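# Got a predicted structure plus its sequence, pasted below:
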Amino acid sequence: MRILVVDDEKLLVKGIKFNLENDGYMVDGAYDGTTALDLFREHRYDIVILDLMLPGIDGLTVCRRIREESNVPVIMLTAKSEGRDKLIGFEYGADDYVTKPFDILELKARIRVILRRSGKTLGRADEYLEIGGIKTDIVQRTAYVDEKPVELTAKEFDLLVTLMRNSGKIFSRESLLNEVWGKDFPADIRTVDVHVRRLRSKLEKDDANPEYILTKWGVGYYFKAN
């Protein structure tokens, strides 16, 4: 499942992202309302964690625009605790409200409750991906080839999961760079090529003639379809 975290406090976003990724979620971060809306329209999220006070487009406006396009659950995250602000948030379409400072365990619990209500729990079907002889454990962040564990770096694992979750879909190098490393990552498309080569060397029987991670010449990469 994929979560969008929006807050102008970069350390807070990074902290939430780290904790949620350790629980098996895919997490994107944004520090302003404009970027948040761009990401929301580019990807499909299962939940949005949204700060009320944002530079540029404020959180309430972002919430309203999201609600005009989707029923995705939204948790408002703000330093304001007055009842009036909470009511306004709910009127704009928020599903829940967390006041700063907060305990990360409380936020995780609220996420689980909302996802359970919407029928999106991180159950067994979401914990594992398996195509052919390749298997990944999303929660433990481990990969296997023919039931044998394979040591992957964090980004190699993220790249593999992205490709496997979208098996058969061809990704350009630019889109993979944005998906796995993020739009603000200071790197070029050669980073993707390097990680694909490393994955092939670890996963494929013959990395010169790959069976799983394939190339569409002139377009990009894809994982073989189920």
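Received it, and whenever you're ready, just let me know what you need. Numbering: from 1, shown residues only.
# Ramachandran angles for the nearest residue to G220 once chain neighbours are set aside?
Counting by CB to CB, 6 or more residues apart in numbering, G220 lies nearest to S172, which is 4.2 Å off, once chain neighbours are set aside. For the C-beta atoms, the positions are set from N, CA and C on the backbone; glycine is no exception. Dihedral pair for S172: phi -70, psi 160, per degrees, to the nearest 10.
# Pass me the low-pLDDT residue ranges in the protein, would you?
Segments of the chain classed as low confidence (criterion: pLDDT under 70) are 80-86, 117-126, 183-187, 226.
# per-domain residue ranges of it.
Following the assignment in automatic domain parsing, the chain carries domains at 2-117, 126-223.
# which of those domains sits most buried?
For these, the largest average neighbour count (mean count of other CB atoms under 10 Å) is found in domain 2-117, namely a mean of 17.
# Tell me how far the spatially closest residue to R67 that is not a sequence neighbour lies from L60.
Of all residues not flanking R67 in the chain, G93 sits nearest, at 3.4 Å (CB to CB, 6+ apart). Distance, G93 to L60, using CB to CB, to the nearest Å: 9 Å.
# Same question for L52.
The value you get for L52 to L60, if CB to CB is used, is 7 Å.
# Now for those two: what residues contact both?
G89 (CB atoms under 8 Å, 6 or more residues apart in numbering).
# in what helix or strand does K135 lie?
Counting by DSSP states H and E, the secondary-structure element that holds K135 is strand 134-137.
# got it, and Y144?
Y144 belongs to strand 142-145 when assigned by DSSP H and E.
# What are the contacting residues of the next helix or strand after that strand?
Per DSSP H and E, the first helix or strand lying C-terminal to strand 142-145 is strand 148-150. Strand 148-150 is contacted from outside by T142, A143, Y144, K202, L203, using CB under 8 Å, 6+ apart.
# Ok, stretch 197-208 next?
134, 143, 145, 150-153, 156, 159-160, 210-213.
# any chance of those residues in TSV, plus distance to V5?
Formatted as TSV, the entries for the contacts of stretch 197-208 read as follows, by distance: CB to CB, whole Å:
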residue	distance to V5
I134	29
A143	26
V145	33
V150	30
E151	29
L152	24
T153	23
E156	23
L159	21
L160	23
P210	34
E211	36
Y212	31
I213	29
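# ok, which pair from those is furthest apart?
By the measure CB to CB, the contacts of stretch 197-208 have their two most distant members at T153 and E211, which lie 21.5 Å apart.
# Nearest residue to G24 in space, please, no chain neighbours.
Leaving aside its sequence neighbours, G24 sits nearest to V139 (CB to CB, 6+ apart; 4.2 Å).
# Same question for S175.
Across the structure, with CB to CB, 6+ apart as the measure, the residue nearest S175 apart from its sequence neighbours is G220 (7.3 Å).
# M26 versus that neighbour, what's the distance?
From G220 to M26 the distance is 20 Å (CB to CB).
# before we move on, the earlier item: which one of the contacts of strand 148-150 sits closest to I47?
Distances from I47 to the contacts of strand 148-150, taken as CB to CB, are shortest for T142 (24.9 Å).
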